[in-house]
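A.B. asks: model the structure of this input:
(5 chains, ligands or ions: 4)
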Amino acid sequence: GGPELTKTADGRTALRVGIIPTIDAAPLYLGVSEGIFAKHGLDVTVHVADSGAALIPATVKQENQIGYANVISDFQAAEQGLDIKLVHNCCGSGADPAKDVSQVLVKPDGPIRTVGDLAHANIAVNSLHNIGEVSIKMALEKRGVDVSGIRFTPMPFSDMNDALKRGDVDAIWQVEPNVQAALAAGFTPLISNFVEARPEATLGYYLTSGAFAKQNPQVVQAFSDAMDEANRFATEHPDKAREAVVTNLRFNPEIVSTANLPTYPQGLDRASAAEYATYAVKYGAIEKAPDLDGLFWSGPAN
Amino acid sequence: MNRRVLSALLGVVGAVATVAIWWLATENSASVYFPPLSRILETAQEHWLSAEGRADIASSIGNLLSGLVIGVVVGIVVGVALGQVPLLHRALSPSIEFVRAIPATALLPFAMMLFGLGTEMKVFLIALGCVWPVLLNALDGTRSLEPTLRDTASVYGITGVRRQLNIVLPAAAPRIASGIRVAIPLSLILTVTSEMVGSHQGIGFVIVDAQNTFRITDMWSGVLLLGVLGFALTWLFGVAEKLLLPWEKRAERAR
Amino acid sequence: MLEVTNIAKEFPTRTGTARVVDDVTFTVGEREFFTIVGPSGAGKTTVLRCLTGLAKPTEGTVRFNGREVVGPPPEFAVVFQDYARSLMAWFTVRRNVELPLRNLGLSAAERRERVDTALAQVGLSAAGSKYPWQLSGGMQQRVAIARAIAYRPQVLIMDEPFASVDAQTRADLEDLLLRVRDETDLALVFVTHDVDEAVYLSDRVAILSRSPSRIDEIVPIDLPAQRDQIGTKELPEFARLRAHVFSRIRAMVNTAEPTSAH
Amino acid sequence: MLEVTNIAKEFPTRTGTARVVDDVTFTVGEREFFTIVGPSGAGKTTVLRCLTGLAKPTEGTVRFNGREVVGPPPEFAVVFQDYARSLMAWFTVRRNVELPLRNLGLSAAERRERVDTALAQVGLSAAGSKYPWQLSGGMQQRVAIARAIAYRPQVLIMDEPFASVDAQTRADLEDLLLRVRDETDLALVFVTHDVDEAVYLSDRVAILSRSPSRIDEIVPIDLPAQRDQIGTKELPEFARLRAHVFSRIRAMVNTAEPTSAH
Amino acid sequence: MTAVHTARPTRPGWQLAAGTVVVLLALEEILTRTGVLPADYFPPVSQIVAALLPELAGAQLWLQLGQTLQGWFVALVLATVLAVPLGLLLGPVWWVRALTRPVVEFLRPVPSVALIPLVVLALGTGKQSELFLATFAAFWQLLVATTAGAGAVDQVTAETARCYGLTRAQTLRWVALPSALPYLMTGIRVASATSLILVVTAEIIIGVPGLGAQISLNRAGGSPDLMYAYIIVTGLLGWLINIALSAGERRLLHWDAANRGPR
Ligand SMILES: Nc1ncnc2c1ncn2[C@@H]1O[C@H](COP(=O)(O)OP(=O)(O)OP(=O)(O)O)[C@@H](O)[C@H]1O
Ligand SMILES: Nc1ncnc2c1ncn2[C@@H]1O[C@H](COP(=O)(O)OP(=O)(O)OP(=O)(O)O)[C@@H](O)[C@H]1O
Ligand SMILES: [Mg+2]
Ligand SMILES: [Mg+2]
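C.D. replies: Ligands and ions are numbered 1, 2, ... in the order given. Below is the predicted model of the structure:
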């Protein structure tokens, strides 16, 4: 079943897209403001929610026809039997650690000074068993650090700086634009865990419910095509991307102006997903590797 | 048959009926979000009876009880005080109402700032949430103290602590009890909220973690446990209330 | 000892204030038995509340031993008209009577003894461990009386304390009051609707007019100090005083707001 | 009309049960004024509660017009001893009196008229828009009486209804009751501590013994049907009956639990 | 002697209350300025106010405020309409109470917050989810208050109603409800705060439009000043709501001992 799609007066298909309030959302907003979606016959409204825990159900229910979740959450949802299809890359890590949107930071005068020290650190992440944890472990393992002794403590990104300052945790994992605030607070970045875990990886996907994809393959394809364009536009116009989140998500312009942007890759990247899946299993975020063929949307042909 | 025994029996009947309905309604459920009750119970047994699960329960109950007791005591003391000093009441009520309206989730950063990430922060948050219903009820119960009784206390010089213990508290007790009955489930809810941040243990942690990783059956098993705990706490409180406020049974004075 | 000077009392109402007591002045001396009578709603209870400092008179002052009364002085005990509500439902009869004694610096044994005596005096020895709501109306009223007596105040203020007891018990309690007065140098301010009782007990009877009330008359009761339920009430002077007080009250009830009973 | 047959009442206590009423039997006829007297705590209120169906007797039955009474019959009206608590603090005096009339199928005008009449009869015409807690004790009691009278019941049950009013008002109210009885064919079951009142008003006076109570005696009052506050009370028969009832009560108060007042 | 004066409700009005608020705010300002409280994280009032002022001028804040207010109101009304009759009707019937008690006690402590994914799945991310969560939480609190209030009827008053043959409905309206009202009004004030809190929480987590969504956005966007500004607006809203409720309560319960004038 699922709710009927509505059309606008000029024949465009109304589509509600759920997203969490991060810089990752920039192309989506640009797609709307630059008329990219309109060009592809879509009338997109963006719906912001605080966490994927609310976004995925809303997508499965087809209240948002399209949603967003990071790669690990996608695996977890699929593993638990939620009927989702990944439609398009949302955002990814580049190849330059200096431009990573994600950093693990420590206090300059704290107990942890080197990457090696992280082996027994208590690191703040926004959510356990998730992308932060997996990517940090991947990055550290690639640097030859034993990750078995690391502890992770969950808390909202916005609380991390203080927790580190107080010494509640030894290190924090921050993503942009909070990295800028953490640097301003005088913290030292130790690793760029997204880039180091796997350069040029896709970290989050736009997704839809399997039922929706089956019923409206053309609409999904249109969205996918539009996102190709929107991601390209955002990559080419980083200033506009920054502006988009300032206008739409009311991000602090000063902080955003210095923040690193993620990459906004084309299409659907399976290779990095496969690698993340392997490690996610290894670190216990999921039990077994997902069937990526089933999870990835394979175009309107099916 | 004795009314009390009959009441208990009826309670069991009600509970069994509800469980049966739930069981039957979800028996063949394929929905990820509403798994069969049998599966939930299995999961519950697996997790909550394991050593790890027992540690989760113990840590949550410890925080919950400390927070609840602190909240109740502070609520009674402040409520009873404000109820008798109208000036104080007027001076503080805007500030109180202000703090009261702020969601616990928004106060988390503040609690963390004060106490860091440890047990104290959780206990503080639980106490802060539980304090309001008790405080408001104690306040209103004190304010509507039977005027003749108030006069009696004044005439016989029953003042200070003695007045509080012998007149004000017993008179406000039924209201305070109803406040505590609201605070008990709140304490459970806040235990969950407080464990959303910075913890590795506890019922709330398990629920939130399950929620984040879409392990809905695990989440249900946690919710179930909360229900059981809430029921047990309310029941215990009912027993304590009967022991502490025996005169209240006069309401059912011989028919 | 107790001086009430020109007190008036107004209550706020929706449309302004209602003057309930207009101008009341009297004094009560040491060991005096002073009774206030008057029609229902005259303001007797209101005057007593001002007297004890429970209410603040709108005008005028109340002085006790020269000091202005602003709150109930510790030397006072009061039996409220609304006796049932003055008992603590959560305490047994014993505990209700004993509570005020806690401030007097008595030993537990002394307290117990006082409570026992007072309960015996009002005929409730057997009811000590009951709760107020297990008692009859008259028994509750006697608990309130026992509490006041056990407290051994200097001034005992009683608002229709015998309204709910039978005639015989009432006579016994009346004599109890007189005896306690003689033994402990007590002064009493007493409100009653029973004119016989007023005349029998009192040294002086003040008659209050209808509300807004003034003192209509203060009648000195020149009966022999030693009162006796039978002897005193047979005296011609008793009959005269009784008739006089009664006629004053009747006049007031009938003039001001006639009940349509006639 | 109203038959009370061998009723007994026990209350649960910590250590078993307390038998408060042992064995009480009487009947009340049409238009009869039946009064129950007895020492404080005898069980009068308890008997009335059984009578009205508010309490269930442990033994025995109460029948009204042949039907067993299990709950308050709509033909009854009650004035409670604890009158203050029987008034609703949230309603004005008028509303308190009017409330029971709602079910009688009266028009608003009829209701208003009944309320006005009843309030006038008890001398409270001016207090209609006040709240009960703004009234004096005696005024509250009269509101409760007005409510019962306005209801025009077949049986009016009153538990010490005049305890808190002054002598003159009391006499007026007594005569009001007699008049209402004559006009509306009312039967009355009445409890009082005032022996004069009992004899003056009643057709029969039942004397209750101390608790666990039995009927000590039912005294027929053979005074002329037309009563008069002065004339009736001057009759020698009145004095004889009065003395008789009084001596029975006195005997019971003094034998069972002696107050130490003597 | 320690004369206990009958407390005379003096009415110093809003000056005293405002004074206290000013003192508390000044204290916060001083503590953050002097660094006793970490200022970069917990900004001084002046900074929050500076962030708030431009918002006050714009439409955004008022729009969101309206959304939150509407959610609060509808949830509170729904909870009241459901809980009060239920509590009054069922409270006095002992066997119904006995039958339903375990289930009620079981459902009561279920944290609405934990139910969010289920609610989103069942009801979506719109207003209805927010309303469900807030109503669910407020309902139990009102039910407890009503049941307690229903038991608070004075025995003599209740018997008076029986004697005069008031019907069940009349007894409910004229006796049980007014007796329960003092409990109920306290319950409503507790539930009102709960309802507001859950509306805001739902806005934060699910992204239903309203003050909560703004708190969440400003937190994510790294503008703590604005975030606190919105938190403060939430607090002020709660305060204003309470003023309104208290005023209503004083009118409704003018006969209650707590509100009778000086004696
Ligand atoms: N709080 C109040 N507000 C308004 N009027 C009041 C208040 N309290 C008492 N009154 C009025 O004051 C008058 C006197 O009341 P008071 O209780 O003093 O009378 P009383 O002489 O004791 O009568 P009774 O013999 O019936 O007890 C009454 O008319 C009453 O209505
Ligand atoms: N709920 C109860 N539990 C135990 N005993 C009770 C209860 N109610 C009344 N009694 C006892 O029953 C006896 C009779 O009480 P009742 O109120 O009927 O007396 P009464 O004749 O009306 O007295 P009074 O004239 O003082 O009003 C008393 O001894 C009282 O202690
Ligand atoms: Mg009086
Ligand atoms: Mg009685």
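A.B. asks: surely residue A:15 is within a strand?
C.D. replies: Yes: counting by DSSP: H, G, I helix; E, B strand; the rest coil, residue A:15 falls inside a strand.
A.B. asks: what's near enough to touch it?
C.D. replies: Each residue near residue A:15 by CB atoms under 8 Å, 6 or more residues apart in numbering or on different chains is listed here: A:5, A:37, A:42, A:43, A:44, A:45, A:65, A:66, A:219, A:223. Using the backbone N, CA and C atoms, a C-beta is placed for each residue, glycine as well.
A.B. asks: how far away is it from residue B:215?
C.D. replies: 30 Å (CB to CB, to the nearest Å).
A.B. asks: how about residue A:104, secondary structure?
C.D. replies: strand.
A.B. asks: wait, doesn't it sit right on residue A:173?
C.D. replies: Yes: Residue A:104 lies in contact with residue A:173 (CB atoms under 8 Å); the separation is 5.3 Å.
A.B. asks: quick one, helices of the stretch 51-200 of chain A?
C.D. replies: A:52-60, A:71-79, A:131-142, A:157-166, A:178-184, A:193-197 (DSSP state H, counting those that start in this stretch).
A.B. asks: would you turn the ones you listed into CSV with mean neighbour count, distance to residue A:294 and mean pLDDT?
C.D. replies: Putting these into CSV (neighbours: other CB atoms under 10 Å in any protein chain shown; distance: least, CB to CB, whole Å; pLDDT from 0 to 100) gives the following:
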stretch, mean neighbour count, distance to residue A:294, mean pLDDT
helix A:52-60, 27, 15, 81
helix A:71-79, 26, 8, 89
helix A:131-142, 24, 21, 90
helix A:157-166, 22, 32, 83
helix A:178-184, 21, 35, 86
helix A:193-197, 26, 25, 89
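A.B. asks: and the average pLDDT for the longest helix seen in chain C is what?
C.D. replies: Identified as the longest helix of chain C according to DSSP state H is helix C:236-256. Regarding helix C:236-256, the rounded mean pLDDT is 85.
A.B. asks: can you list the helices and strands that that helix packs against?
C.D. replies: helix C:195-201, strand C:204-208, strand C:213-220, helix D:167-184 (3 or more CB pairs under 8 Å, 6 or more residues apart in numbering or on different chains; DSSP states H and E).
A.B. asks: just give the number of residues close to the closest residue to ligand 1 within the stretch 201-302 of chain A.
C.D. replies: Closest approach between the stretch 201-302 of chain A and ligand 1, counting by CB to the nearest ligand atom: residue A:250, at 57.0 Å. Using other CB atoms under 10 Å in any protein chain shown, residue A:250 has 17 neighbouring residues.
A.B. asks: list the residues that contact it.
C.D. replies: E:217, E:218, E:221, E:223, E:226.
A.B. asks: closest to chain A among these?
C.D. replies: Nearest to chain A among those, counting by CB to the nearest CB, is residue E:221 at 3.7 Å.
A.B. asks: residue numbers of the stretch 51-200 of chain A in contact with ligand 2?
C.D. replies: Neighbours of ligand 2 within the stretch 51-200 of chain A, by CB under 6 Å from any ligand atom: none found.
A.B. asks: right, I mislabeled it, should have said chain C
C.D. replies: C:134, C:135, C:136, C:137, C:138, C:139, C:164.
A.B. asks: kindly recompute the last result at 5 Å.
C.D. replies: Selection of chain C residues close to ligand 2 by CB under 5 Å from any ligand atom yields C:134, C:135, C:136, C:137, C:138.
A.B. asks: who wins for neighbours among those residues?
C.D. replies: residue C:138 leads these on contacts (other CB under 10 Å) with 28 neighbours.
A.B. asks: wait, it touches residue D:41, no?
C.D. replies: Yes: between residue C:138 and residue D:41 there is a contact at 6.2 Å, judged by CB under 8 Å.
A.B. asks: next up, the contacts around residue E:120.
C.D. replies: Applying CB under 8 Å, 6+ apart to residue E:120 gives the contacts A:54, A:57, A:58, A:61, A:63, E:129, E:206.
A.B. asks: ok, now with 6 Å
C.D. replies: A:54, A:57, A:58, E:129 (CB atoms under 6 Å, 6 or more residues apart in numbering or on different chains).
A.B. asks: what's the most distant pair in those residues?
C.D. replies: A:57 and E:129 (10.1 Å; CB to CB).
A.B. asks: which stretches of the stretch 1-150 of chain B form helices?
C.D. replies: B:3-26, B:37-48, B:51-84, B:86-100, B:104-115, B:119-143, B:147-155.
A.B. asks: so which bits of chain C are right by ligand 1?
C.D. replies: Residues of chain C lying near ligand 1 (CB under 5 Å from any ligand atom): C:11, C:20, C:40, C:41, C:42, C:43, C:44, C:45, C:46, C:211.
A.B. asks: rewinding a little: of the helices of the stretch 1-150 of chain B, flag the one that's most buried.
C.D. replies: The highest mean neighbour count among those, using mean count of other CB atoms under 10 Å in any protein chain shown, belongs to helix B:119-143: a mean of 26.
A.B. asks: how far out from the middle of the chain is that one?
C.D. replies: In terms of CA atoms, centre = their mean, to the nearest Å, the centre of helix B:119-143 is found 10 Å from the chain centre.
A.B. asks: and that helix, anywhere near chain C?
C.D. replies: No: applying CB under 6 Å from any CB of the partner chain, one finds helix B:119-143 separated from chain C by no less than 13.4 Å.
A.B. asks: in what helix or strand does the closest residue to chain B within the stretch 101-250 of chain E lie?
C.D. replies: Across the stretch 101-250 of chain E, the shortest distance to chain B (CB to the nearest CB) belongs to residue E:238, at 1.9 Å. Element membership for residue E:238, per DSSP states H and E: helix E:224-252.
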